[in-house]
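Asker: coords please:
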Amino acid sequence: PEILGRLLPATEGVGLTPGLYVTTPVLLLALLLPFHSRVPRLVRGTYLLVGLAVVLSLQWPPTQKLWHGFDTPNGSQYRQAFVVGAFLVVLAWLAASKRPRVGAVLLAVGALLLIAYVGGDAASTTPLTGWVTVAALLSFGVLAAVAAVGRTGRLVPAALVGLLVVIGAEATINAVVVDAQRRPRLALYNTWSETESRTREAVERIDTWPQRRTSPLAPLREANEPMLVGGQGRSYYSSLMPATTSAALRGLGVGWSGYGRSVEDVPDDGLDALLGVGARVSGGENPAIATRPAAPLVTLHATAPQTVDNPFSQRNALLGAEVYSVPPVTVREGAATASPTAKGSYVLPAGGDGVMVVTGSCPAGTRLHVWAPSFVGSVSLGDQPPRAVLPGVRRPGVVTGAGVMEMGEPEPDGAFALTFTGVPGTGIPLSPVGCLDGDRLDAAVADLSAGAPRVRFGGHSFSARWDRPTS
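Answerer: Sure thing, here's the model as predicted:
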């Protein structure tokens, strides 16, 4: 029913179903072709079989991957649906190329009414779907009859003009309905305002690129707004995001969405220092500016850092110092101690209360950070209010993932108790906690900054030059 429903006007699946609408007159003509005996049988059979194969390819996962170059598109999973629309137009053109018999027309009308009846129960339909379909069908029928009666007179041009009016009116109604259906589910962004202007002025005032990165912060409305207000923060979205870049940032604990095509930029002392973010500008009527020491944009390592299973150890490897400690933890679900799954995570069991408590100990004077990229729910440290990790999203940890979160200081003796409250089936990794030592971070940044190179950036290249040999 969903596929059939999307053939009708005034429907919208908001990325969940393929958009196949091509107007009611075109659909009726396409349905006429199978019954059109005046079109050669070989032509009919060939086009109908190819069209059916294309429709079925939207439903079979292997061909879905083939259509998208073996990648998973962000947003709509049916980017190839326009090919079906093109086939319907071709079928309609073939049917209109020869005058049909009355019986074939009646069969096509019956097929259209059957589609409207079955597809009318689809979730993508709206109250206007049936009315618009019937109105367009009746109007097209009247115009076709007028053209048939006056084949040699002026009625034919008048009927063609009327057909264009019917198609235009139907398409307009469809566009209005589609926008109304999309608006509650797709983000709407405001236009440039005084807030962006003041943020940009503040960024330009303190920007020292390429000596350091300057990152603009909230109230940014979308991932690419830093490209407008200036700065070099890590917030970015592109369907052409390189997989290696996305994987590297996610491995460092950056939050993401859109299958990793969009990466987030939130304040994170350890990651900011590592990536050379030495200044942040918080937008608003009076933008606030915060600066801190950060590592150079280009650093050298004697050996390539090894890939590890948590972002805290990965950051240590790139900073060249143990600035994070990763404590062993005990995970309890109710009164029982939880055991990790075979895939290496602690998962909230079905039928439980949706709560697990993680305990452990950090070195004194450190700040506690949590990493739970696929956990749907909230987390709290001690008596602090809970903080959201991930909302209810599709395929958490794949489509969307949570970044590292700073939770604050543990108890004076270093002990901590984290309460995760979430959806059964969601889980946390084996090493969900990192304890950041601020003094060690400052020392690591100072070591990396000693003898920093002179860095130059061009449009498609960059260079780094050291004044003395570096080991």
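
Asker: Am I right that Ala388 sits in a strand?
Answerer: Yes - membership of Ala388 in a strand is supported by DSSP: H, G, I helix; E, B strand; the rest coil.

Asker: so what's the residue nearest to Thr17 when sequence neighbours are not counted scoring on pLDDT?
Answerer: The shortest distance from Thr17 to any non-neighbouring residue, by Cβ to Cβ, 6 or more residues apart in numbering, is to Glu2 (4.9 Å). Placement of C-beta: from N, CA and C, glycine included. The model reports Glu2 with a pLDDT of 85.

Asker: And for Gly5?
Answerer: Note for Gly5: predicted pLDDT of 92.

Asker: Go ahead and confirm it touches Gly120.
Answerer: Yes - here Gly5 lies in contact with Gly120, judged by Cβ atoms under 8 Å, at a distance of 7.0 Å.

Asker: between these two, which one's more packed in?
Answerer: Gly5 (23 against 16; other Cβ atoms under 10 Å).

Asker: who's in contact with the more buried one?
Answerer: Residues counted as contacts of Gly5 (Cβ atoms under 8 Å, 6 or more residues apart in numbering) are 11, 17, 119-125, 129.

Asker: Same question for Arg454.
Answerer: Counting by Cβ under 8 Å, 6+ apart, Arg454 makes contact with 464-467.

Asker: got TSV for those residues, with neighbour count, distance to Leu138 and secondary structure too?
Answerer: Converted to TSV, those look like this (neighbours: other Cβ atoms under 10 Å; distance: Cβ to Cβ, whole Å; DSSP: H, G, I helix; E, B strand; the rest coil):
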residue	neighbour count	distance to Leu138	secondary structure
Ala464	16	72	strand
Arg465	9	76	strand
Trp466	12	79	coil
Asp467	9	83	coil
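
Asker: min pLDDT across these, which one?
Answerer: Scoring those by pLDDT puts Asp467 last, at 82.

Asker: Please determine how far that residue is located from Gln211.
Answerer: 15 Å (Cβ to Cβ, to the nearest Å).

Asker: Next, the buried residues of the lowest-mean-pLDDT helix or strand in the chain.
Answerer: Lowest on mean pLDDT, DSSP states H and E among the helices and strands of the chain sits helix 226-229, with a mean of 82. For helix 226-229, burial by neighbour count (16 or more other Cβ atoms under 10 Å) applies to 226, 229.

Asker: Show the contacting residues for the residue nearest to Thr17.
Answerer: Going by Cβ under 8 Å, 6+ apart, Glu2 touches 13, 17, 119, 122-124.

Asker: Need the three-state assignment for the nearest residue to Pro1 once chain neighbours are set aside.
Answerer: Nearest non-adjacent residue to Pro1, counting by Cβ to Cβ, 6+ apart: Ala122, 4.7 Å away. Secondary structure for Ala122, judged by three-state DSSP, is coil.

Asker: burial measure for Ala122, as a count.
Answerer: Counted with other Cβ under 10 Å, Ala122 comes out at 19.

Asker: can you tell me the helix or strand for Ala158?
Answerer: Ala158 belongs to helix 155-182 when assigned by DSSP states H and E.

Asker: The least confident helix or strand of the chain packs against which elements?
Answerer: Judged by 3 or more Cβ pairs under 8 Å, 6 or more residues apart in numbering; DSSP states H and E, helix 226-229 is in contact with helix 194-206, strand 213-216.

Asker: what's the longest one packed up against?
Answerer: With contacts defined as 3+ Cβ pairs under 8 Å, 6+ apart, the secondary structure elements packing on helix 194-206 are strand 213-216, helix 226-229, strand 277-282, strand 288-291.

Asker: rank these by mean pLDDT and give me the bottom one.
Answerer: Mean pLDDT is lowest for helix 226-229 among those, at a mean of 82.

Asker: intersection of neighbour lists for Gly5 and Gly120?
Answerer: Taking Cβ under 8 Å, 6+ apart as the criterion, Gly5 and Gly120 both touch Thr129.

Asker: now the helices for this protein?
Answerer: In the chain, the segments counted as helices under DSSP state H are 2-5, 24-32, 41-57, 61-67, 81-96, 102-119, 127-149, 155-182, 194-206, 226-229, 243-251, 269-274, 311-319, 438-449.

Asker: Of all the ones you listed, which one comes closest to Pro396?
Answerer: Ranking the helices of the chain by proximity to Pro396 (Cβ to Cβ) places helix 243-251 first, at 13.4 Å.
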